[in-house]
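Asks: Need coordinates for the below:
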Amino acid sequence: MSDLRPISDVLRPFQIERTQLRGRAVRLGAVVDHVLGSHGYPEPVSLLLGELMVLAAGFAGGLKFEGMFSLQLRGDGPVGMMVADVTNSGAMRGHASFDAAAVAAAGGEAMPGLECLLGKGLMALTVDQTAHGGQVYQGIVELGRRSLQDAMLAYFQQSEQVPTGIRSAIHHDPVHETWCAGAVIVQAMPGEGPADIASARRDDDWRRTMLLLQTLTDHELVNKSLPLDDLLIRLFHEDGVRAFPPLTLAFECSCNVDRVKNMLRQFGATEIEDMRDNDGRITVTCEFCSKIYRFDDQNLSDIMRGLPN
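Replies: Coordinates of the predicted model:
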């Protein structure tokens, strides 16, 4: 194992030495705390968005891309949309759109599940490399009555045909009003050697590793005093584990004035005129970071130049 031992807000790729299995360990502290704490979401929404963020980081770590990986939930329930973004450089952000009264009604005296929050929902996995001259790749899976983890497992089993195991946890400290999340994701790699021998060994390796993965406790996953390297050694010491260089994760929003202007240009001139307030200006607030962009008459004239009505 490496001597680099980051505690939180880190993605740690690893390989289980005696198997054809690789994975990523993730722990989020300040990143998830910033997103959930600054928006004041209801607890059921925060729990789901925190889980979405830590899974987004974990699965992005298994991809080779330049740009942004997004996990997005959409539904017709109290939570209409939820998204977690992570770039290949480790910049993360997250956001949820919801009806507060409907979320409260869905919960009653118990914590509502995914179906209660999303209703009839879909999960979209998107890799957007357009900022680097690449393409957009997207996969979609219906949520149905499944949990978020089960939906992820179904996608990788059916669409990617990659055996996948997941353990994740999200924790809220009510005393200090802070959030943290953690996850360990393991996926099978293509086998090597004679098919019959290799297949039997891979099956044994997979079963043993999945049993070990399920022994992980929520406390171990979110314990900020337990380095991820120590967690991985504790979990896979019999087979050996090799950790690869970590990726530091941090909250960062990709919004800027040019992006907002381009968003406004997607509307016609008449619609933009209808958006003006009593002072003739338009104010746009980023849903991810709450940054406010204000456009006066001169700005709007430039934006609307050449647009159809």
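Asks: Over stretch 280-299, what's the mean pLDDT, rounded is fine.
Replies: What stretch 280-299 shows for mean pLDDT is 89.
Asks: Also stretch 68-88?
Replies: 95.
Asks: what's downstream of the helix-or-strand element of the chain with minimal mean pLDDT, the next helix or strand?
Replies: Here the helix or strand of the chain ranked lowest by mean pLDDT, DSSP states H and E is helix 195-213, holding a mean of 80. Proceeding N to C from helix 195-213, the next assigned helix or strand is helix 218-222, under DSSP states H and E.
Asks: Using PDB, write out every CA atom in the helix or strand immediately after that following helix in the chain.
Replies: Next in sequence after helix 218-222, counting helices and strands by DSSP H and E, comes helix 228-236. Output of helix 228-236 as PDB, limited to C-alpha atoms (Å, rounded to 0.1, in the frame of the first residue of the first chain):
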ATOM      1  CA  LEU A 228      -9.400   4.200   3.400                       C
ATOM      2  CA  ASP A 229      -6.100   2.300   3.100                       C
ATOM      3  CA  ASP A 230      -6.600   0.800   6.500                       C
ATOM      4  CA  LEU A 231     -10.100  -0.100   5.600                       C
ATOM      5  CA  LEU A 232      -9.000  -1.900   2.500                       C
ATOM      6  CA  ILE A 233      -6.300  -3.800   4.300                       C
ATOM      7  CA  ARG A 234      -8.700  -4.800   7.000                       C
ATOM      8  CA  LEU A 235     -11.200  -6.000   4.400                       C
ATOM      9  CA  PHE A 236      -8.900  -7.800   1.800                       C
END
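Asks: Show me what counts as buried in the helix or strand just after helix 228-236.
Replies: Going down the chain from helix 228-236, the next helix or strand is strand 241-243, by DSSP H and E. Of the residues in strand 241-243, 241, 243 count as buried by neighbour count, 16 or more other CB atoms under 10 Å. C-betas here are computed from N, CA, C, even on glycine.
Asks: so what secondary structure elements neighbour strand 241-243?
Replies: Counting contacts by 3 or more CB pairs under 8 Å, 6 or more residues apart in numbering; DSSP states H and E, strand 241-243 is packed against strand 10-16, helix 228-236.
Asks: Can you lay out these as a markdown table showing distance to residue 59, mean pLDDT and mean neighbour count?
Replies: Formatted as a markdown table, the helices and strands packed on strand 241-243 follow (distance: least, CB to CB, whole Å; pLDDT from 0 to 100; neighbours: other CB atoms under 10 Å):
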| stretch | distance to residue 59 | mean pLDDT | mean neighbour count |
| --- | --- | --- | --- |
| strand 10-16 | 10 | 95 | 22 |
| helix 228-236 | 17 | 95 | 19 |
